[in-house]
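Student: Turn this into a model:
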Amino acid sequence: GLQAAFSAACAAADGISGKEETAGGGGGDAKPHTPGVDTAGLLRILYHLVRPKGPFHPDSYCPTPRPTARAATVSQPVARPSAHPERVSPVVFERFVPERLLGEGGQGKVYLGRYNDIRCAGKTFLRNPPDESLRKEVLAELEFFRKVDHPHCHYLLGAKTTLRQGGILVLTEACDGGSLFDLYYGADARITAPTAWRFASECAQGLAYIHGLGYMHRDVKSLNVFLTGDLVCQMADFGMCTSKETSVDVCGTAQWMAPEVAAHVLSKRAAEYDRRCDVYSYGVLLWEIFHSSVPYMETRLDQMAVVRRVVDS
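Tutor: Take a look at the predicted model:
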């Protein structure tokens, strides 16, 4: 337990052995050894103790390298976005009928289902009973989400934010294609160049729209690019969006994290960053789209090693 954790942390320090060393060749007065601490190693261990399954854990987001040959090819160079369905208000929890689990995260579960015969995705929350702090987190994300109305951004249908009568429920447009990451990695597929160009353009349009609203996304990556059934890209997951012009918060995922953001992982004295961090992340996303490969996957580096490489480069 705690004693083992403390011992592990101490093991990261250099020279803390409790022994004394003698000067010279065995004679003379005994002098205590002055310990030197491996600060980086100590901080890494402490981080894993505080957040054992956090984003910088060695096992976090480490896809297995794939052979060059792919099982499938994604080729759909032309696609038209469909019109968004009308928004729903008020949202009644009992009217959402879940059909299939789409995903599960730290906060809740997302189901594909129907609401009043509208095909949609519904997010329910795991915290039971739901509390006011969770409600404030959801309201903060919805503040931006309600403003979004663009063919290449994920669309909010409606939300129930009261804690009674079933709890919080967020309804969004159904994206049957999953995420861009699911498309190339989950399905082991290669994206053809014409299709990749279209994906790149659609993601750029969605991101430019977000910036035009005065926000920075701060977590641009393939897992946050959703695909409709017609394989039209939508920028998604606005939980880290902020209207602040600059920030010092550590946000995003290591492989897509801009150097000015990654610097805050290693030092509290790093400079503020602005929406240009999204431009860097978009550049990594472009590499990902055109290579149909996970950034840094072949290096087999863990998350913290990726952060150091990004900052040092």
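
Student: so how far is stretch 92-108 from its chain's centroid?
Tutor: 20 Å (CA atoms, centre = their mean, to the nearest Å).

Student: So that it lines up with my notes, have the first residue be 486 from now on.
Tutor: Right, with 486 as the first residue, what we last looked at is stretch 577-593.

Student: and it, average pLDDT?
Tutor: Regarding stretch 577-593, the rounded mean pLDDT is 89.

Student: got it, and stretch 744-756?
Tutor: The pLDDT scores in stretch 744-756 average 89.

Student: which parts of that stretch are buried?
Tutor: Buried residues in stretch 744-756, counted by 16 or more other CB atoms under 10 Å: Pro744, Glu745, Val746, Ala747, Ala748, His749, Val750, Leu751, Ala755. For glycine as for every other residue, the C-beta is placed from the backbone atoms N, C-alpha and C.

Student: export those to a markdown table and tack on distance to Ala689?
Tutor: Below are these laid out as a markdown table (distance: CB to CB, whole Å):
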| residue | distance to Ala689 |
| --- | --- |
| Pro744 | 21 |
| Glu745 | 21 |
| Val746 | 20 |
| Ala747 | 23 |
| Ala748 | 26 |
| His749 | 26 |
| Val750 | 27 |
| Leu751 | 30 |
| Ala755 | 27 |
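
Student: Using TSV, lay out those together with secondary structure and distance to Asp634.
Tutor: Below are the buried residues of stretch 744-756 laid out as TSV (DSSP: H, G, I helix; E, B strand; the rest coil; distance: CB to CB, whole Å):
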residue	secondary structure	distance to Asp634
Pro744	helix	33
Glu745	helix	30
Val746	helix	28
Ala747	helix	32
Ala748	helix	35
His749	helix	32
Val750	helix	34
Leu751	helix	39
Ala755	coil	35
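
Student: Show me where the stretch 486-635 of the chain has its strands.
Tutor: Ranges of strands in the stretch 486-635 of the chain, per DSSP state E, counting those that start in this stretch, are 498-499, 505-507, 515-517, 521-522, 557-559, 581-589, 593-600, 603-610.

Student: Which elements pack onto the longest helix seen in the chain?
Tutor: Longest helix in the chain, counting residues (DSSP state H): helix 678-697. Taking 3 or more CB pairs under 8 Å, 6 or more residues apart in numbering; DSSP states H and E as contact, the helices and strands that helix 678-697 lies on are strand 718-720, helix 761-776.

Student: Show me what the closest residue to Phe630 other than its chain neighbours is bridged to.
Tutor: In space, Phe630 comes closest to Leu641 once its chain neighbours are excluded; the distance is 4.5 Å by CB to CB, 6 or more residues apart in numbering. Residues in a beta bridge with Leu641, per DSSP bridges, are Thr657.

Student: ok, how many other residues are close to Leu641?
Tutor: Summarising burial for Leu641: neighbours were counted as other CB atoms under 10 Å, giving 22.

Student: Repeat that for Ala659.
Tutor: The tally of other residues near Ala659 (other CB under 10 Å) stands at 21.

Student: do Arg565 as well
Tutor: 7.

Student: separation between the residue nearest to Phe630 and Asp722?
Tutor: 12 Å (CB to CB, to the nearest Å).

Student: I figured Tyr700 hits Cys726, correct?
Tutor: Yes: under the contact definition of CB atoms under 8 Å, Tyr700 touches Cys726, with a separation of 4.8 Å.

Student: Burial check on Ser778, number of neighbours?
Tutor: So Ser778, with other CB under 10 Å, has 18 neighbours.

Student: Tell me the confidence at it?
Tutor: Per-residue pLDDT puts Ser778 at 93.

Student: Repeat that for Leu528.
Tutor: Listed pLDDT for Leu528 reads 53.

Student: For the stretch 586-735 of the chain, give me the ranges with low pLDDT.
Tutor: Along the stretch 586-735 of the chain, the parts satisfying pLDDT under 70 run over 612-615.
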